[in-house]
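**Q** following is a predicted model, sequence given first.
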Amino acid sequence: MATSTMMLQTSALVLGRSSKLQRSSLLGSASPSLASFRTRKQMVRCEAGSNGTPGGLREAVDQATKKTITKEDILRNQESNESEKKSVFGTEPTSGSFYPRPEIERRPETGDKSFTGIFAFDGAAPETINCRLAMLGLVWAFFAEKATGLTVFEQLYTPGQTGLVFFVGAVQLFTYASLVPIMNGESTDARSFGPFTARAERWNGRLAMIGFLSLVVTEMFRHAPVFH
């Protein structure tokens, strides 16, 4: 009886060792493929980072919406466009002057990209930012007055209203988003997608500035929201 018990224990031990050896051999044979899989995965990730996302997406968007504006294009337009030969005050643009500056000096692609140069009277930033904020403000005023029944001033300065907080946040956000491409040497004229062109944005923004100012002045006299 004892002999049979010892034989069973010995066979169980041998079987356990053999199963461990088989598992280790299987893992050993599988480890090279696992290592190669991890290597291939890392290579795929590196390739996607350099040629795919996000670089590939950005290149695709640039190719679909962006055109390169060269110095030769600006000089050609500066010489042929009559509106570039005189300012709104009838003054001829002079190189190095405060205002008006020639197109080659005031555009982000070829001109001064300093803070004072971009925010000058004829710089790239003021009209772009004001137009976008006016369009946003007009749409915001329409929906906010419909929802609250308050005028623009009441939404901004009435205690308990959060209009002023959202207004300050929107100004910061839109200003930063507009300055990034300008600081990188890209004007709004470089982007177009279907009907969304720089010319359409400027005219819509100018009309929105007039409309928002008219809205505020009208509500000052009426003491009631226009869109309610």
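**A** Good, I have the coordinates.
**Q** residues in contact with stretch 71-85?
**A** Residues from elsewhere that reach stretch 71-85 (C-beta atoms under 8 Å, 6 or more residues apart in numbering): 92-93, 102-104, 107, 109-110. Backbone N, C-alpha and C define where each C-beta goes, glycine included.
**Q** so what are the domain limits for the chain?
**A** Using automatic domain parsing, the domain ranges for the chain come out as 2-51, 71-222.
**Q** could you tell me the least trusted of those domains?
**A** Lowest mean pLDDT of the domains of the chain: domain 2-51, a mean of 45.
**Q** winner for burial among the domains of the chain?
**A** Across the domains of the chain, averaging neighbours per residue (mean count of other C-beta atoms under 10 Å) puts domain 71-222 on top, at a mean of 15.
**Q** start to end distance for it?
**A** 51 Å (C-alpha to C-alpha, to the nearest Å).
**Q** repeat that for stretch 149-169.
**A** Using C-alpha to C-alpha, first and last residues of stretch 149-169 are 22 Å apart.
**Q** quick one: contacts of it?
**A** So stretch 149-169 is in contact with 140-141, 144-145, 148, 215-216, 219-220, 223-225, 228, going by C-beta under 8 Å, 6+ apart.
**Q** following element in sequence after the helix or strand hosting residue 153, please.
**A** Here residue 153 sits within helix 152-157, counting by DSSP states H and E. Downstream of helix 152-157, the first helix or strand assigned by DSSP H and E is helix 163-183.
**Q** can you pull out the helices in this protein?
**A** 2-51, 55-65, 71-80, 103-106, 115-118, 125-148, 152-157, 163-183, 198-222 (DSSP state H).
**Q** run through the neighbouring helices and strands of the fifth one.
**A** In this structure, helix 115-118 makes packing contacts with helix 163-183, judged by 3 or more C-beta pairs under 8 Å, 6 or more residues apart in numbering; DSSP states H and E.
**Q** one more time with 6 Å
**A** Helices and strands touching helix 115-118, as assessed by 3 or more C-beta pairs under 6 Å, 6 or more residues apart in numbering; DSSP states H and E, are absent.
**Q** what does that helix contact?
**A** For helix 115-118, contacts defined as C-beta atoms under 6 Å, 6 or more residues apart in numbering pick out 124-125, 182.
**Q** please apply the same query to the last one.
**A** Applying C-beta under 6 Å, 6+ apart, the set of residues contacting helix 198-222 from outside is 131, 134-135, 137-138, 151-152, 188-189, 226.
**Q** determine which two of these are furthest apart.
**A** Spatially, the most separated pair among those is 151 and 189, at 36.6 Å (C-beta to C-beta).
**Q** residues in contact with the most centrally placed residue in the chain?
**A** Closest to where the C-alpha atoms of the chain average out (C-alpha atoms, centre = their mean) is residue 177, at 5.8 Å. By C-beta under 6 Å, 6+ apart, no residues touch residue 177.
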